[in-house]
Each structure stands twice: as structure tokens, then as C-alpha cells.
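model the following, please.
(chains A and B)
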Amino acid sequence: GQQVMQIPQYQHVQEGEDFTTYCNSSTTLSNIQWYKQRPGGHPVFLIQLVKSGEVKKQKRLTFQFGEAKKNSSLHITATQTTDVGTYFCAGLETSGSRLTFGEGTQLTVNP
Amino acid sequence: EAGVAQSPRYKIIEKRQSVAFWCNPISGHATLYWYQQILGQGPKLLIQFQNNGVVDDSQLPKDRFSAERLKGVDSTLKIQPAKLEDSAVYLCASSLYRGSYEQYFGPGTRLTVT
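Presented below is the predicted three-dimensional model:
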């Protein structure tokens, strides 16, 4: 079955540093979604990427979808303490409607 | 608009007991999902409903887990009998339709099996 892998599993940064998490799928995706889960909370939708090579920005967050639609990345510029949480990518299969989540990257930000 | 509602928020049971979780999705959302999230892992889809029909239950352990969505609105997920490895957070989510639509998650039910 489809597998979605994320690296790194954990990332500790000082406030103001940049952060990047990478997502790789074992199969070509229809699209990819990103979610953020705060400690003790539930996943909250951030963005969806559909087109090959697509780049989207949300303030300090930049999302990219690979040309082959098998990988994606999330980059946060100048992290803030409010960025703390676990970031999940989730890939939608081209053949179905199941969203497969990666294991997530847990980000901690030291003030 | 009101979000996805789930109850109970916490449940502690002994192994071999049964437990049920309830979910009320966002009004008008045709698709409802149940996920299992084990500590330190990403959500894993258990079952997906489109209105009151099952779209995907391939990852549901059907020997012990069951789910229904009566009248295409509320849903219940049941575990009978529970095992230690069922300890997890059970998340309900809904979306307007299946496929390329953002999913809205409820607060989850944290289940501890002792």
C-alpha cells in the first residue's frame, strides 16, 4: 500500500531560525495536504497542493510540491514560539480517496 | 459554524471490555472519517463514509471494530473486545466531499486500555 514518510522526526530550533520538513511518498500523488497539530490538540488543515512543481506561501510558511508529485516540503522562515507543534503531510492517492498521513515532524522552538 | 463534535473526550477501560465513540460532523459535510492516532504517529484511517455508505474500511480490524453512520449524519465507532494495543486517540473528521477536500478534525477521544 501507499507509504508516506517524513523527515526529520524531531527538530529543535532557536526562535528566529528556519525550519524545514520533508515528505516523500512511495507512489505518485493526486495532491498533498499539510496539517498542524499543537500539543494536546487535533490536526488542523494548513494547505493543499495539487499541481506538479507548485509553490504556495502563507506568511512565513512556504510549501512545495515536487515535479514528480511524489515529494513535498514545508519551510518556515524565522520560527516563532507559536510555530510549536507537529507538522503532518498527507498524500491523496491518484487511484482513490484515502488520505495517508506521514509520521509527522515535531517542532520545538526555544525562546 | 460549529466544528466536529466527539464524545467522550477520555475513556479508560480494561482489556476485553467494549467501548463506543460518537461523532457529529460539521453540518452539510457528506464525508466522515474515523482515524486512529497512536502516540507519536500520524493519524491512520480506519473507515470512511460517504453519506451513510462505506467508501473505505480496508484498514478497519473488522473482527473487533465496527462503525456506522445512521442517516448520513452522526456516526459511532465501537470496539469489542478491546485490546491493550487499541490505546490511542480516536479522531473523527469530516469534509464536504471525499477526495481533494480539506478535512476538519474533532478534538478526539483518548482511549486507555488497561
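
give me every residue in chain A lying close to chain B.
A:4, A:30-31, A:33, A:41-45, A:48, A:50, A:88, A:90, A:92, A:96-104 (CB under 8 Å from any CB of the partner chain). Yep, even glycine has a C-beta here, placed from its N, CA and C like the rest.

any of these buried? List them.
A:4, A:31, A:33, A:42-43, A:45, A:48, A:88, A:90, A:92, A:96-104 (16 or more other CB atoms under 10 Å in any protein chain shown).

which ones among the residues you listed map onto strands?
Per DSSP state E, strands hold the following members of those: A:4, A:31, A:33, A:45, A:48, A:88, A:90, A:92, A:99, A:100, A:101.

enumerate every residue touching residue 28.
No chain specified, so I'll use chain A. When contacts are counted by CB atoms under 8 Å, 6 or more residues apart in numbering or on different chains, residue A:28 touches A:68, A:69, A:70, A:94.

my bad, chain B
So residue B:28 contacts residue B:96 (CB under 8 Å, 6+ apart).

quick check on it: phi, psi?
Backbone torsions of residue B:28, given as degrees, to the nearest 10, read phi 90, psi -10.

now do the one 5 residues further on
Dihedral pair for residue B:33: phi -130, psi 150, per degrees, to the nearest 10.

can you pull the contacts of it?
B:45, B:47, B:48, B:49, B:92, B:93, B:94, B:95, B:103.

so residue A:56 is in which element?
Applying DSSP states H and E as the criterion places residue A:56 in strand A:55-58.

just residue A:2 next, same as before
Residue A:2 belongs to no helix or strand, assigned by DSSP H and E.

wait, isn't residue A:69 in contact with residue A:27?
No - assessed by CB atoms under 8 Å, residue A:69 is found out of contact with residue A:27, at 9.5 Å.

these two: who's more crowded?
For residue A:69 versus residue A:27, the count of surrounding residues by other CB atoms under 10 Å in any protein chain shown is larger for residue A:69: 22 against 15.

what about the more buried one, which SS state?
Residue A:69 falls in the coil class when you classify it by DSSP: H, G, I helix; E, B strand; the rest coil.

now the residue in chain B that chain A sits nearest to: closest residue in space, sequence neighbours ignored.
Scanning chain B for the residue nearest chain A gives residue B:42, at 3.5 Å (criterion: CB to the nearest CB). Distances taken as CB to CB, 6 or more residues apart in numbering or on different chains place residue A:101 nearest to residue B:42, at 3.5 Å, with adjacent residues excluded.
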